[in-house]
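*Asks:* My questions are about this predicted structure, shown below with the sequence.
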Amino acid sequence: MSSGIDLSTLMSITVHDIKNDINHLIGKVERIELEQAKPLPALGDIKADAIHINHQLVQLLALYKADEGLLKPFINQYGFTEFLDEKCMQHQSYAKAQHKAISVHCDDSLFAFFDESLISSVVDSALENALRYAKTSVQLRAEHAAPYHVIHIEDDGKGYPEDVIHQPIQSKSIDQQSKHTGLGFHFAQSILDLHSNREHKGYFELGRSDTLGGARFSIFLP
Amino acid sequence: MAHVDYHKKKFMIIEDHAEFRSSLKAMVRMFGAHMVDTAHNGEEGIAKIINNQYDIILSDYELGKGKDGQQILEETRRSGLLKSTSIFILVTAASTVEMVMGALEYEPDGYITKPITHENLKTRLDKIVQEKNLFSEVDRAIDQKKYKNAINACNKIAKENPKYQVKALRIKSKLLLNLEHYDDAGKLFQKLVDARAFPWAVLGLGKIAFYKGDFDKALQIFQQLADEDQRNVEAYDWLSKVYISQNLTEEAQKALQHAVERSPKSIIRQMDLGNISKTNEDWSVAEVAFRKSVNLGKNSCYKTPDNYTSLVQVLQDKISTGGGRKTKDASTEALRTLDNLEKEFPDNTETLLFSKVLRAETSSSLGKEKEAEHILASISEDIAALNNKMPEQMAHSLANVYDAAGKKEEASKLREKYNKASANEVLNNDGVRLFKSGQIKEALSVFGDAAKAPDASNSVLINALQASIKLMENEGTDDSLIENCDRYMKKLDGLDSSDKNYMRFKKLSSAYENVTNK
């Protein structure tokens, strides 16, 4: 570049600024929402869209940091019920507005070790995705399958096309033709790469939901 | 999730952005809170926390120019203004969570990432309040300084709530370190590391190695942590501690410079860096570090005259050798710093005297010997009244003034005394380390040597006394030990009840009676 500024640095700074602007926008919508006597569905939609954009920008920035070797997880112990209940409630009002239901299925004693904010981000986008494609319901499920703890995000929509399920992750990531950047997949893999314990590494898997018949996005945490 | 009642909770919201501030306030009111105070920056927040007992504090991490949320937490917790049972929550950008939660010493009770919606805030608050309730017995015991009870409460949580086991054991490890139970703490850290390589537990293993005197192992552990994650500021802090204990002051400075670069707002680190670079005579680094310490210390529980006096001391080199503009700027800054020092600590006579000595030193550095002499003459009685008990740093500056005035003999007399005092200090520190690692006999031989000096400090005498008693408790009484103890006790007899060593002396006196009556 002729200007001498590193393009990727410039982009990351810009993304950061846009993210902050979006945060301000969400703050404004939130205030208007609080002032309403009755909920305004249109406002809820705007907020959900803005939050979705925010999530994507956060992921983009995290990927940039990971690429620079600056993304380090803070691994702690978390109970799955508490974690998933919280995720469920955070998406509840949007789900209701869409007339869809989210449910949590988890043994209360289950816990795992992960970076709460990073895995939260992975679950958020999987959940947003599931809510978009679900007909009526989405479920969050956790189980222990040694040496992993697994979070499944499932819906009753059409499910992933067979070829997407069987594609290797790299080609899932960027598909120029379908205009699908696969940011979510790429982000999920980068985050799960950072979640390793001894010889086991974290990963995700796509499949069909046994219980709901739609898509299943599974996060494996060692 | 169980219902949490916010009706009776007293809230404080610290947020610099007006719109976010009022929207946060509106949200917690919607959850049922009646008492909600706000502050628009860290200074205002701290002032309000001092005067009110808040149950829940929500603070933005980034607060513009002044103190950040982490500093508010550190200052209010450290000074005891904020009870352990109060909840402190940091509002952060998603990208700074690991910085906030990774801080071992002053960790918030929870964090909330932006953007905040009322759904997020409510679920998050509920969760944090419930977790805090689960640990309330631990927090109460810590507030009452009943650390053994706190440890028992941690054990109970770890056993009954496996989901919170790691958190409970992490608190327990901190308590064991406070109690100096290094063997138990070491075993606990090892157990945790065997299960999973938590960086904070690995750091704990390094601390244990340090306290036990295994400096090579400590160095290796801290270095490895620093290599793994350059942002692990605590690893660099500890690296510098090990280097200092080995007298490798340049390495210590390098490690601290790295830590300060990563966390420039931490006043303690700036002070440490200032002191070590002053030792290394790296004046430009010391100057910046002390200047920052002075600025960060304003309206802070860390405000101390030392930062002001040190800044003026390290400016002297620039004043005398900088020339032209540099000399002028440096002397202006030195005098302005002394003006502020005198204004900030108007009742501290020793500080005011030191300030005068520094004014004289600054005049000397400027080549204005007459002026320096004039100042010295005005304080000669106060200096004589110190009766040979001058603080080291003041003696150091005074010796410089004598030198410049051609009073070589007085200067070298003062320096000799000062150097002996600091050599004794080094001995004392060596002894403390040996004592902490359980090498009582070795510690006693070091303390004993230092205590022989006619002007041995009270700290040295007390340490010698403690080591002697400990040795007798372990191995039985001994005539020569008893003789030494009597000598130390006699010297310490007139100790004022306001002296920081007084309580320790009282305890040791009764321990001494116990051991000799056996």
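*Replies:* Cool, the structure landed.
*Asks:* Tell me the secondary structure at the residue nearest to the spatial centre of chain A.
*Replies:* By Cα atoms, centre = their mean, chain A has its centre lying nearest to A:S125, at 2.5 Å. Following DSSP: H, G, I helix; E, B strand; the rest coil, we place A:S125 in the helix state.
*Asks:* Quickly find the element holding A:V150.
*Replies:* strand A:148-155 (DSSP states H and E).
*Asks:* and the residue nearest to the centre of chain A, what is it in contact with?
*Replies:* By Cβ atoms under 8 Å, 6 or more residues apart in numbering or on different chains, the contact list for A:S125 reads A:H55, A:Q56, A:Q59, A:G184, A:F187, A:A188. Placement of C-beta: from N, CA and C, glycine included.
*Asks:* Run through the neighbouring helices and strands of the helix or strand containing B:S240.
*Replies:* Assigned by DSSP H and E, B:S240 belongs to helix B:233-245. Other elements packing on helix B:233-245 under the criterion 3 or more Cβ pairs under 8 Å, 6 or more residues apart in numbering or on different chains; DSSP states H and E are helix B:199-211, helix B:215-228, helix B:249-262, helix B:267-279.
*Asks:* how far is the first one from where the chain is centred?
*Replies:* Relative to the mean C-alpha coordinate of its chain, helix B:199-211 is positioned 18 Å out (Cα atoms, centre = their mean, to the nearest Å).
*Asks:* Determine the set of other helices and strands touching it.
*Replies:* Helix B:199-211 packs on helix B:165-178, helix B:182-195, helix B:215-228, helix B:233-245, going by 3+ Cβ pairs under 8 Å, 6+ apart.
*Asks:* Would you convert the ones you listed into TSV that also reports mean neighbour count and mean pLDDT?
*Replies:* Converted to TSV, these look like this (neighbours: other Cβ atoms under 10 Å in any protein chain shown; pLDDT from 0 to 100):
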stretch	mean neighbour count	mean pLDDT
helix B:165-178	21	93
helix B:182-195	17	94
helix B:215-228	18	93
helix B:233-245	23	91
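*Asks:* which parts of stretch A:206-217 are buried?
*Replies:* A:L206, A:S209, A:L212, A:G214, A:A215, A:R216, A:F217 (16 or more other Cβ atoms under 10 Å in any protein chain shown).
*Asks:* For B:C485, grab the count of nearby residues.
*Replies:* Using other Cβ atoms under 10 Å in any protein chain shown, B:C485 has 22 other residues around it.
*Asks:* and what of B:G42?
*Replies:* 26.
*Asks:* Quick check: closest non-adjacent residue to it.
*Replies:* Distance criterion Cβ to Cβ, 6 or more residues apart in numbering or on different chains; nearest residue to B:G42, sequence neighbours excluded, is B:K67 at 3.0 Å.
*Asks:* Now do the SS call for that neighbour.
*Replies:* Assignment for B:K67 (three-state DSSP): coil.
*Asks:* can I assume it is in contact with B:E44?
*Replies:* No - using Cβ atoms under 8 Å, B:K67 is not in contact with B:E44, being 10.0 Å away.
*Asks:* And these two? Which one has more around it.
*Replies:* Taking other Cβ under 10 Å, B:K67 and B:E44 do not tie; B:K67 has more neighbours (25 against 16).
*Asks:* low-confidence ranges in chain A?
*Replies:* A:1-4, A:169-181 (pLDDT under 70).
*Asks:* Can you show me the strands along it?
*Replies:* All strands of chain A, identified by DSSP state E, fall at A:76-79, A:101-105, A:111-114, A:137-145, A:148-155, A:196-197, A:200-201, A:203-208, A:215-221.
*Asks:* The fifth one near chain B at all?
*Replies:* No - shown here: strand A:148-155 not in contact with chain B (Cβ under 8 Å from any Cβ of the partner chain), separated by at least 12.2 Å.
*Asks:* Could you tell me which residues within that strand count as buried?
*Replies:* A:Y148, A:H149, A:V150, A:I151, A:H152, A:I153, A:E154, A:D155.
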